[in-house]
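Visitor: heads up, no residue letters with this:
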């Protein structure tokens, strides 16, 4: 009865380093979403992926951020050359189908950039 | 554009009091979906309820109840006989397809 798994739960990086956040969806779910929670901005959609496809990345910053959901293995959100403004909670969610379906969230990864 | 407004920033109550959280939404779509999520102090996001725009039937689940009114574009949430464990941030969310638009959240503090 595993839910959405995310790791690491906490990640500390220095400015300029790379951050890799992992997400394993619920069993049987093929739709994965990433959201970012910033203190002053709230929860915002970043990207929607299906296996091997990026469906919508309209919420992703244009530079330094990328996401993938390979055929095998977890979905990865990658942030290159992190800056202090990237410090936030990053949540992954998954759903069984697409339209209007309930998205179940993982516990989140708290990224702190020093 | 879709927008969710949770006007109440913080609510503080004493245990066993009822708490009602307001949620007002804006959308031009005729088909849409509404959600409530809870974020306890431990930080995870917990799904509470989902409603589609064609289902205005209100629901009661244990101490939780929801009041969906399309005429006023509101989807309010009530906790009856609150408990300390209900202390959390509660988010209302709206989607047309897959992209959730969240409100700013309401922090509920239940004091013993």
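Guide: Alright, I've got the coordinates. No experiment lies behind these values; they were computed from the predicted model shown. Residues are numbered from 1 along each chain as shown, chains lettered A, B, ... in the order given.
Visitor: any weak-confidence spans in chain A?
Guide: Filtered on pLDDT under 70, chain A yields the residue ranges A:1.
Visitor: what comes up buried for stretch B:51-62?
Guide: By 16 or more other Cβ atoms under 10 Å in any protein chain shown, the buried positions in stretch B:51-62 come out as B:51, B:53. C-beta here means a position set from N, CA and C on the backbone, and glycine is covered the same way.
Visitor: got a list of contacts for that stretch?
Guide: A:100, B:29-35, B:49, B:65-70, B:75 (Cβ atoms under 8 Å, 6 or more residues apart in numbering or on different chains).
Visitor: which of those has the most neighbours?
Guide: residue B:75 (26 neighbours; other Cβ atoms under 10 Å in any protein chain shown).
Visitor: thinking that one is in contact with residue B:25, fair?
Guide: Yes: between residue B:75 and residue B:25 there is a contact at 6.6 Å, judged by Cβ atoms under 8 Å.
Visitor: okay, and the common contacts of the two?
Guide: B:34, B:92.
Visitor: Centre of the chain to the helix or strand of chain B with the lowest mean pLDDT, how far?
Guide: Lowest on mean pLDDT, DSSP states H and E among the helices and strands of chain B sits strand B:59-61, with a mean of 85. Offset of strand B:59-61 from its chain centre (Cα atoms, centre = their mean, to the nearest Å): 13 Å.
Visitor: number of nearby residues for residue 13?
Guide: Unless you meant another one, I'm taking chain A. So residue A:13, with other Cβ under 10 Å, has 19 neighbours.
Visitor: my bad, the chain I had in mind was chain B
Guide: 16.
Visitor: check contacts around it.
Guide: Listed by Cβ under 8 Å, 6+ apart, the contact set of residue B:13 reads B:19, B:82, B:108-111.
Visitor: if we can go back for a sec, ok, the least confident helix or strand of chain B: who's next to it in the sheet?
Guide: When pairing is defined by DSSP bridges, strand B:59-61 lines up against strand B:64-69 (antiparallel).
Visitor: doesn't residue A:76 make contact with residue A:7?
Guide: No: assessed by Cβ under 8 Å, residue A:7 is found out of contact with residue A:76, at 11.0 Å.
Visitor: what sits in contact with each of those two?
Guide: Counting by Cβ under 8 Å, 6+ apart, the residues touching both residue A:7 and residue A:76 are residue A:22.
Visitor: Identify each buried residue in stretch B:1-19, please.
Guide: B:2, B:4, B:6, B:8, B:11, B:13, B:19.
Visitor: Determine which two of these are furthest apart.
Guide: B:2 and B:13 (30.1 Å; Cβ to Cβ).
Visitor: Give the buried subset of the contacts of residue B:13 as a PyMOL selection command.
Guide: Buried residues within those, by 16+ other Cβ under 10 Å, are selected in PyMOL with:
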select buried, chain B and resi 19+82+108+110
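Visitor: Residue A:106: which of the contacts of residue B:13 is nearest?
Guide: Residue A:106 lies nearest to residue B:108 out of the contacts of residue B:13, by Cβ to Cβ, at 22.7 Å.
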